[in-house]
Structure formats: C-alpha cells, structure tokens
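K.L.:
got a sequence here, can you build the structure:
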Amino acid sequence: MGHHSDDEYSVAGDKPEVEFMDFQNDNTLQDYQSDDGPVVVTAPFPFVNGKPKSVLVGETSADAICIENTSCEPVDLWSVRIFSSNPEDSYVLSMMRPPLNDSDEAAKKAFLGLTSVEDRTLQPGQTLTIWLSCMPKDIGLHTSIVHVDIGDEKIERVAFLLADDNVSMALSSDKPYSRRQGSQRKQFECNTFVPGSRPIRQHTQGFKYKLPQYAIPVEIRELIECKQRPDVLSEELSMINYAKFFSTLLVMEELNLERPTCRRK
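P.N.:
Prediction:
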C-alpha cells in the first residue's frame, strides 16, 4: 500500500446547512461588486422589486452564472460547486440549459444535473456559462450557495427562489398596499354637530288575562298568629287531603314573609 499526501484524500463530513439569511436587510446577498477583480461572476436569479423571483411548484427554473476572465492572462478555474442548498438537493448545475417544462421526455432524460463542474482554464476575455436550475417540490423559499474557486480566490454567490402553487399565486397581489390620498380620500367635516335620533320605542302589550287574588283564609291566619298548628298538618298525607295539606303550607309561608315587611313599615 503506497503512501499518499493529505492533498489526495479528504474526509467527507456532514453536509453544510444553509443558515437563515435576511435578504431583506442584507444587501450584500445580491449587491455584488462585480468589477473588483479580473474575474467577473454574475449572480443567478436576481431579485424582482426587491424580492426573490416567484416560481411554480413542479416547474424547472434556470438562470445562468457567467464567469468572465477580463484579465490579459489565463486563469485557472478549479471548481464551481453547490456548497449548500435548502431544501437539500433542490438545485443542480449543468453546462447545458435545462430542458423546458414542455420539452419531450427524451430531452428531460438526457439532461445531466451536477453538483460541481470540473476544473478548466479560462483564456483572456473568455466567458464560461454555467446553468443553475431548481425544480421546487413544495412551496416556500429555496436557497442555494454556489462557490467558485478560481485562481487564488473563492467567490460566493447566493440564489433565492420563492416557490408557490397555483392557489397562493392567485391570491397574491402584484400591487403594493397604499392608502388612498388626495381627492379619492373621503373628507369628513368635524365642525358641525349632528344630533342623533332616539330609537322608536316598541309598544309592549300588557297581560290580557291576570290571575285573581287569593286571600289568606281568616281561620288559618288566626291559628298561625295564635301559634297554633292547623289540624290538616297533623293528619297523614293522602290523596284526599293532598291539596289542602300543601295549600296550608303555602299560606304559612306567605304569613312568614309578611313579618319582615310589617317590621320595615
């Protein structure tokens, strides 16, 4: 078994994950300084009105990454690879433009998606075009980080796509929210006071039939006032004296309620 240097072998670790990137407040994710060096790398899927491009779930979206050597010397392009994607494996690279959604099955099967592109040399003034494509399987934000190792530099580009289905795209509005101003806005005068009107009082009909007054029998009143017990309460309850028994109890309760009233008076 021969000996090999560390440059020939590497240990594959866990796949890197795309952390949360606030594209709304971080302008560096899309505003690249493309003319800083001799190599110009374009950014795929530029924002539309400050937001990621909206695509349909299940349809392939592709954009080109153009790598141009603006120097007078050849430049070694070591690799172009997808560093990470979220969701995982949602983006692929290719040297050919991906087939459109209405392409035949033969063209779709012949398409070869890659996660990295092999090394090559860019001659002065040469431009290499590499396609980055994504076919979302679910709604939501799809992100990819692409690393371009060229010469002694490592250039990073970040791609954003917002996947929607037919329902969510139909509900979304292309016009931003704005309050009506000028002549279209209704003006209300607050100087004059307009009194409100009382609601019409509905006629309430009284009771047509009233219950007659049932006076307390005098003999029971006298017995109770003399602290005597009515005879019916001493009898055994039966079907014959049932009504008289409970009527006497009700009368005694009414007499008991009269006492606090008399005391207040």
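
K.L.:
touching the host helix or strand of Ala170 from outside, list them.
P.N.:
Assigned by DSSP states H and E, Ala170 belongs to helix 166-171. Helix 166-171 is contacted by residues Ser54, Leu56, Ile139 when judged by Cβ atoms under 8 Å, 6 or more residues apart in numbering. C-beta coordinates here come from the backbone N, C-alpha and C atoms, glycine included.

K.L.:
surely Val148 forms part of a helix?
P.N.:
No: the secondary structure assignment for Val148 gives strand rather than a helix, going by DSSP: H, G, I helix; E, B strand; the rest coil.

K.L.:
next, count neighbours for it.
P.N.:
By the criterion of other Cβ atoms under 10 Å, Val148 has 21 neighbours.

K.L.:
check which helices and strands the next helix or strand after the helix holding Ala170 sits against.
P.N.:
Per DSSP H and E, the first helix or strand lying C-terminal to helix 166-171 is helix 218-225. Using 3 or more Cβ pairs under 8 Å, 6 or more residues apart in numbering; DSSP states H and E as the contact test, the elements touching helix 218-225 are helix 242-264.

K.L.:
so what secondary structure elements neighbour the helix it packs on?
P.N.:
Partner elements for helix 242-264 (3+ Cβ pairs under 8 Å, 6+ apart): helix 218-225.

K.L.:
stretch 225-245: end-to-end distance?
P.N.:
Distance across stretch 225-245, first residue to last, is 19 Å (Cα to Cα, to the nearest Å).

K.L.:
can you check stretch 98-109 too?
P.N.:
First-to-last residue span, stretch 98-109, Cα to Cα: 11 Å.

K.L.:
quick one: distance of the least confident helix or strand in the chain by mean pLDDT to the chain centre.
P.N.:
In the chain, no helix or strand scores lower on mean pLDDT, DSSP states H and E than helix 166-171, which sits at a mean of 73. With Cα atoms, centre = their mean, to the nearest Å as the basis, helix 166-171 stands 14 Å off its chain's centre.

K.L.:
repeat that for stretch 247-255.
P.N.:
68 Å.

K.L.:
go through it and flag the buried ones.
P.N.:
For stretch 247-255, a neighbour-count test (16 or more other Cβ atoms under 10 Å) marks Thr248, Val251, Met252 as buried.

K.L.:
run through who's touching it.
P.N.:
Under Cβ under 8 Å, 6+ apart, the answer for stretch 247-255 is Ile216, Pro217, Ile220, Arg221, Ile224, Glu225, Pro230, Val232, Leu233.

K.L.:
make CSV from those and add distance to Leu162 to it.
P.N.:
Compiled in CSV, the contacts of stretch 247-255 are given as follows (distance: Cβ to Cβ, whole Å):
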residue, distance to Leu162
Ile216, 86
Pro217, 90
Ile220, 89
Arg221, 90
Ile224, 88
Glu225, 92
Pro230, 90
Val232, 89
Leu233, 87
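
K.L.:
out of these, which are buried?
P.N.:
For the contacts of stretch 247-255, buried by 16+ other Cβ under 10 Å: Ile220, Arg221, Ile224, Pro230.

K.L.:
any chance of JSON lines for the residues you listed, columns distance to Leu100?
P.N.:
What follows is the buried ones among the contacts of stretch 247-255, written out as JSON lines (distance: Cβ to Cβ, whole Å):
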{"residue": "Ile220", "distance to Leu100": "104"}
{"residue": "Arg221", "distance to Leu100": "105"}
{"residue": "Ile224", "distance to Leu100": "104"}
{"residue": "Pro230", "distance to Leu100": "104"}
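
K.L.:
how about those, which pair is most distant?
P.N.:
Spatially, the most separated pair among the buried ones among the contacts of stretch 247-255 is Arg221 and Pro230, at 10.7 Å (Cβ to Cβ).
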